[in-house]
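Q: sharing a model prediction with you, sequence too.
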Amino acid sequence: MKKLICNFGILAITISGCSAQVGNLSVAATRNIDFSHKKRFLVKANAEGSDMKSLIFMFPTGQSQIDKAISNAISSAGGDYMENVKITNTFWWIPYIYGRTGYKASGDVFRLENDSLK
């Protein structure tokens, strides 16, 4: 029993992870959007998207990108752009074995439609 508790303690110490807020954006989109003569409709509040990459034996399998995290959040909700966006960087790993790192974007997704009063 003592050995099991010791092994669990060592495992708990070696697994590490963290999350840090990178920034806040008022409006975010990954393509050009024309806001003139358009009405905006809330599609989904607190939508989330991420761009995560694996770490295998401490070597990354790619570079995470903030714009892909934003694009994934927008497309998952079926909208055109985001407002009140919070960007966070997340990271966890089991040393020298496996881990994940990347960016997460969360915020309100809106869709634009033509204004009928043109």
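A: Arrived safely. Quick caveat: nothing in here was measured; it's all calculated off a predicted structure. Numbers count the residues shown, from 1 in each chain.
Q: give me the residue at the spatial middle of the protein.
A: Centroid-nearest residue in the chain, with C-alpha atoms, centre = their mean: residue 104, separated by 1.4 Å.
Q: which pLDDT value goes with that one?
A: pLDDT recorded at residue 104 is 97.
Q: who touches the closest residue in space to it that isn't next to it in sequence in this structure?
A: Closest residue to residue 104 apart from its sequence neighbours, by C-beta to C-beta, 6 or more residues apart in numbering: residue 50 at 4.4 Å. C-beta coordinates here come from the backbone N, C-alpha and C atoms, glycine included. When contacts are counted by C-beta atoms under 8 Å, 6 or more residues apart in numbering, residue 50 is found next to 69, 72, 90, 102, 103, 104, 105.
Q: now with 10 Å, please.
A: Contact partners of residue 50, counting by C-beta atoms under 10 Å, 6 or more residues apart in numbering, are 64, 68-69, 72-73, 76, 88, 90, 100, 102-106.
Q: list the buried residues of stretch 89-99.
A: Under the neighbour-count criterion of 16 or more other C-beta atoms under 10 Å, stretch 89-99 has 89, 90, 91, 93, 99 buried.
Q: contacting residues around it?
A: Identification of contacts with stretch 89-99 by C-beta under 10 Å, 6+ apart yields 11, 13-23, 50, 52-58, 60, 64, 66, 69, 100-104.
Q: please list only the buried members of the residues you listed.
A: 50, 52, 55, 64, 66, 69, 100, 101, 102, 103, 104.
Q: after the helix or strand that contains residue 68, next one along is what?
A: Secondary structure assigned from DSSP states H and E places residue 68 in helix 66-77. Using DSSP H and E, the helix or strand that follows helix 66-77 in sequence is strand 81-94.
Q: tell me the mean pLDDT for that following strand?
A: Summarised as a single mean, pLDDT over strand 81-94 is 94.
Q: so what strands line up beside that strand?
A: Strands that pair with strand 81-94, judged by DSSP bridges, come out as strand 16-28 (antiparallel), strand 98-114 (antiparallel).
Q: weakest of those by average pLDDT?
A: Out of those, strand 16-28 stands lowest, with a mean of 89 (criterion: mean pLDDT).
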